[in-house]
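Novice: what's the 3D shape of this:
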Amino acid sequence: MTPQQYYASVFPKLKTCFEGFHYVVAAGRELLADGWDPCFLVAVEPADQLGKFTLEKGMQVHLPVVGERSRSVLMPLDFEVFLLGENHQLYTDKESQRYWFKQMAPVFRFVEGLFRGRGIAYLLDYTPSGAHLLWRNPVGSRASKELEKIGALEDDLIAACRFVDPNDIKRRWGVSLEAARMFSGLGRLAEYAALLTMEAFKDNEARGGLPVTVSDSLDRCINFDNSWAEGSPFMRSIRSPFSLHKKNHDKYLMFHHPPLVDVLGASFDGKAAVEEPDMDRIVECMWDLEKAARHSERFQGVIPEAGDNLIGFIREYKQSALYACHQEFDKTPSLPRGEALERARRDGRASDFVRQVLDRANPMALQPKSMMGFVYDLLVYADWKPRHIADVLRDLYIDPSRGWSIDFFKYPAEEKAGFWARTFSSMALWKTGRLKV
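Specialist: Numbers count the residues shown, from 1 in each chain. Below is the predicted model of the structure:
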């Protein structure tokens, strides 16, 4: 079965996934034939071009996180195995992937249980490295209003969301602040889910498994990749259910093998589930387009709305120590620009590693593992407040002499700094027993 034949068999379901979104993100070397820059093989076009990218070109396609005119926001929870220099095993060797998927299976089930046990509807989509758990949040619903209340926006992110560019399909209407706060709230729920999972699997490494952590902050781990919650919501997308997954071609040049494919594992409507718990079958489908096409017949392709049951999970989070940490972060006044960096340089309690990051901020202040150590040392050993650690990162990001290649308007510096400082501060507090979940 060719990629185009696979897409023809699943296209109605794939099209259903894109309902409510006004554009599609397509990525891959297929764009070279159209004269695209080989360093940037990503196309963003109106959603009615979905067929061109799939039925004709056989490309992998991604959903935006923010719906058309900010009418909805997608929860794109992303968790995966990370193996540093050995990640190729997940895309080039089926038996290696099968092994790692079975290692991850208890985490898959635990994360599903967090939401299924509370009656929160979702779609579980397996990828070659892990899984995405998706649901829609329509702006204005009862649950979405509660999401707004737990979200918080930095001033530079507000400016980015309000910016309208009629020539940029992602920014044609900007992003409403209601949708942006919902996006922020979803990120904080993802952090709460990650900490609950880390607590449940805190002895995993001692038992011979992989540790569970956040955002590739360890060399080998089961990883909640919450980096989607950092940056402007209009810049975020996630691979669509039923999409091909062509990293085996695009990165590892395995053209002798068909592309891999994302495979649905469960569709839960809040009461009952259509699901496939057999990880062997999931892996077989991922490596065989015909099997994947037959497997897809069990599913409709509807990404469900979470519904009012999400409110209960939000209330649990608001009763947690993590919420208290987030509130303290939001309420702590920022230091003036430049002052935090100078304080850090003068602080005799700052570790050698902190000073190394200050001197080599590009790239260390962008690398999750380095940022985790930087935040930990300032918080635990130098007794800094998380907000002021964020201010140090902000001061580094706004310094053009560092040679940054990041567009800090699309990925605002204050927001980026706040996200990473807040995320790794809560992890440091949890590791040292000062935050209980």
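Novice: can you tell me the closest non-neighbouring residue to Ser351?
Specialist: Excluding its sequence neighbours, the residue lying closest to Ser351 (C-beta to C-beta, 6 or more residues apart in numbering) is Asp377, at 4.3 Å. Where you see a C-beta, it was placed from the backbone N, CA and C, and this is true even at glycine.
Novice: so what's Ala340 up against?
Specialist: Residues in contact with Ala340, defined by C-beta atoms under 8 Å, 6 or more residues apart in numbering, are His388, Asp391, Val392, Arg394, Asp395.
Novice: before we move on, what about Arg337?
Specialist: Contacts of Arg337 by C-beta under 8 Å, 6+ apart are Arg394, Asp395, Ile398.
Novice: for the helix or strand harbouring the second one, which residues meet the burial criterion?
Specialist: So the one you mean is Asp395. Assigned by DSSP states H and E, Asp395 belongs to helix 386-397. Residues of helix 386-397 classed as buried: Pro386, Arg387, His388, Ile389, Ala390, Asp391, Val392, Leu393, Arg394, Asp395, Leu396, Tyr397 (neighbour count, 16 or more other C-beta atoms under 10 Å).
Novice: which residue ranges of the stretch 151-300 of the chain form strands?
Specialist: 212-214, 221-224, 237-239, 244-245, 260-261, 263-268, 273-275 (DSSP state E, counting those that start in this stretch).
Novice: save those strands as TSV, and put in mean neighbour count, mean pLDDT and distance to Asp156 too.
Specialist: As requested, the strands of the stretch 151-300 of the chain are arranged in TSV below (neighbours: other C-beta atoms under 10 Å; pLDDT from 0 to 100; distance: least, C-beta to C-beta, whole Å):
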stretch	mean neighbour count	mean pLDDT	distance to Asp156
strand 212-214	24	95	23
strand 221-224	25	94	25
strand 237-239	21	98	21
strand 244-245	22	96	34
strand 260-261	28	97	38
strand 263-268	23	98	37
strand 273-275	15	97	41
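Novice: select, out of those, the one closest to Ile282.
Specialist: Counting by C-beta to C-beta, Ile282 lies closest to strand 263-268 out of the strands of the stretch 151-300 of the chain; the figure is 5.3 Å.
Novice: and the contacts of Arg337, which is closest to Lys149?
Specialist: Using C-beta to C-beta, those come closest to Lys149 at Arg394, 25.2 Å.
Novice: from memory the closest one sits against Glu414, does it?
Specialist: Yes: contact criterion C-beta atoms under 8 Å: Arg394 and Glu414 qualify, at 5.3 Å.
Novice: shared neighbours, these two?
Specialist: Going by C-beta under 8 Å, 6+ apart, residues that sit against Arg394 and also against Glu414 are Ser334.
Novice: residue contacts, the nearest residue to Asp280 once chain neighbours are set aside?
Specialist: Closest residue to Asp280 apart from its sequence neighbours, by C-beta to C-beta, 6+ apart: Arg98 at 6.7 Å. Residues in contact with Arg98, defined by C-beta under 8 Å, 6+ apart, are Met279, Asp280, Val283.
Novice: coming back round to it: Throw the contacts of Ala340 into CSV and include pLDDT and distance to Gly348, thanks.
Specialist: Compiled in CSV, those are given as follows (pLDDT from 0 to 100; distance: C-beta to C-beta, whole Å):
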residue, pLDDT, distance to Gly348
His388, 99, 16
Asp391, 99, 19
Val392, 99, 16
Arg394, 98, 23
Asp395, 98, 19
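Novice: residue furthest from the geometric center of this protein?
Specialist: Going by C-alpha atoms, centre = their mean, the residue of the chain most distant from its centre is Gly348, 36.2 Å out.
Novice: got the contact list for that residue?
Specialist: Contacts of Gly348 (C-beta under 8 Å, 6+ apart): none.
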